[in-house]
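Colleague: coords below, sequence missing:
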Ligand code: M6R
């Protein structure tokens, strides 16, 4: 996730762009840059680091002009350094372009461009676009942009400028957000409304497939065949704080609702007709060991079941805080997968170092390019964008999605899956963003149940096999943001002790999804009911049996049982959020916690 901005008017573009970028910093902040037109070509300023670093660069080397574009980066392709910071340009620096999204087929296009003699300066996927514009430019920027877009596949919000058209910005959207601000004789574009709220409250939403042209004459909206589209602007009534949260009350809720898009990003370019393609080579291994902390550990736990079931390979999991104190006898044939959203968790970093010391192959699954862990080990990125809420939500589902791909790929390479099974899993993965979106649409059902149980003091989350880590995650979400006592338990373990706790004061939340452990879990549900606990069940909407146990149901769409944990966790995230909000807790910054734990 990155943020883009654009300005055309009479003000000094660099200061308007800087203001906008500061308001988009929540979308990424590993590098930033801008380009303006001043009648003498394209003037650029860019650097690694936060917007404050760019501000310092601009103080010593100001750039002047009234038309410009800017970018704050959350690296996906290429390290966060000065060169990879946007804007990017063509061979002769006649064009500048900023991009939020991922170009899936950039490698093949880059190869062709290199053969044709184009000179590349960065490791980014984005840089191919200004080079394509360079080829197609014939005095009209939007025309060249549209022709370039016909060649690329992926997601984007793009803004471009050309030295020969100093009073024009051309932009386009496909799968990444883009809005236009309309002021008096001035125009803005941005990934999100807060970027231009200090200047105007009149906005226009750009839809997928559309191209926008900003000139002093106004805003022109075009479809991909350059046909004009009419759209009326609307007035933004949110205050600035609300606007940053996209109209949601808290970042956590916004991040929960971003999950369909996040999963699309995690999958982008990785699903192929006959399998899975990952950006890095995974060394051959005979055993896999997963590790992480907190929510990342819960993702690692599910990863273990996936490696066992999809790749038929021995898999183990350990908390990263325990990893280095065990005698694990790792070897070259062991792949250690370290899962960490931030890439900075001290225990997980220490586990990575220990695994390397023992000679194991190490792979990191992380959200942050350039983080400490990503510098220690080859990394696969979850591409969830920046997560502001301390409670991990969208980064968790993106970790799960990526671990599933990893296990599926291992299964394919070991011929542990038939081609029929592979096709079925690919089909289900393609449907996943839509299934997540359908699940989240049922927020009002969760709201009703949250209201009923918000004042209760003890929750017990129960699940077996792949749903056991989901039970742990559901309980963790509730305790960390609502300060209610909650336990996650392997449902089969109940009768070995915890059942003694159960009485009418306990709320049990059981994961009764159709799977090989369904009937056993239902027996555990009966045990809970027999002891008068209140009961909430998570089940498929096609399951007509569950309503005989309780009226408190979170119903989710059907998918393969190995994938259903990714859907099952969603109502549990919402339940924790809604209870926390109802109790008036500080949802985004719960007490005693930090987003990343860099001490052991
Ligand atoms: O950045 P990491 O994924 O390594 O962080 C690990 C845990 O600290 C983190 O998942 C924590 O448990 C979250 N607050 C859970 O919501």
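Modeller: Sure thing, it's come through. What you see is a predicted model, and the numbers here were worked out from it, not measured in a lab.

Colleague: where are the low-confidence patches of the stretch 1-150 of the chain?
Modeller: Within the stretch 1-150 of the chain, the ranges that satisfy pLDDT under 70 run 1.

Colleague: Not counting its neighbours along the chain, what's nearest residue 391?
Modeller: residue 481 (5.2 Å; C-beta to C-beta, 6 or more residues apart in numbering). From N, CA and C alone the C-beta is placed, and that goes for glycine too.

Colleague: which residues touch the one you found?
Modeller: 252, 390, 391, 576, 577, 580, 585, 587, 590 (C-beta atoms under 8 Å, 6 or more residues apart in numbering).

Colleague: Go again with 7 Å.
Modeller: Neighbouring residues of residue 481 by C-beta atoms under 7 Å, 6 or more residues apart in numbering: 391, 576, 580, 585, 587, 590.

Colleague: least trustworthy position among those residues, going by pLDDT?
Modeller: The lowest pLDDT within the contacts of residue 481 belongs to residue 590, with 87.

Colleague: my read: it touches residue 389, true?
Modeller: No - the pair residue 590 and residue 389 does not pass the contact test of C-beta atoms under 7 Å, sitting 9.2 Å apart.

Colleague: any idea how this protein splits into domains?
Modeller: 3-241, 248-432 (automatic domain parsing).

Colleague: Do the last one and the ligand come into contact?
Modeller: Yes - figure legend: domain 248-432 in contact with the ligand (C-beta under 6 Å from any ligand atom); contacting residues 293, 294, 295, 296, 340, 341, 342, 345, 348, 390, 391, 392.

Colleague: now the residues you listed in TSV, with secondary structure?
Modeller: As requested, the residues of domain 248-432 next to the ligand are exported to TSV (DSSP: H, G, I helix; E, B strand; the rest coil):
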residue	secondary structure
293	coil
294	helix
295	helix
296	helix
340	strand
341	coil
342	coil
345	coil
348	helix
390	coil
391	coil
392	coil
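
Colleague: From those, pick the one nearest the ligand.
Modeller: Nearest to the ligand among the residues of domain 248-432 next to the ligand: residue 294, at 1.9 Å, using C-beta to the nearest ligand atom.

Colleague: Show the model's pLDDT score for the residue nearest to that closest one when sequence neighbours are not counted.
Modeller: Computed as C-beta to C-beta, 6+ apart, the closest residue to residue 294 that is not its neighbour in sequence is residue 476, at 6.8 Å. What the model reports for residue 476 is a pLDDT of 98.

Colleague: what are the phi and psi values for residue 476?
Modeller: phi -60, psi -40 (degrees, to the nearest 10).

Colleague: Count the residues that sit near it.
Modeller: 22 (other C-beta atoms under 10 Å).

Colleague: which pair in the residues of domain 248-432 next to the ligand spans the largest distance?
Modeller: Spatial extent of these (C-beta to C-beta) is set by the pair 348 and 391 at 18.1 Å.

Colleague: any idea how far residue 140 lies from residue 146?
Modeller: Applying C-beta to C-beta, to the nearest Å, the value for residue 140 to residue 146 is 10 Å.

Colleague: Tell me who's in contact with the residue lying closest to residue 39 once chain neighbours are set aside.
Modeller: Leaving aside its sequence neighbours, residue 39 sits nearest to residue 166 (C-beta to C-beta, 6+ apart; 5.5 Å). Shown in contact with residue 166 (C-beta under 7 Å, 6+ apart): 37, 39, 67.

Colleague: Just the element for residue 166, please.
Modeller: strand 165-174 (DSSP states H and E).
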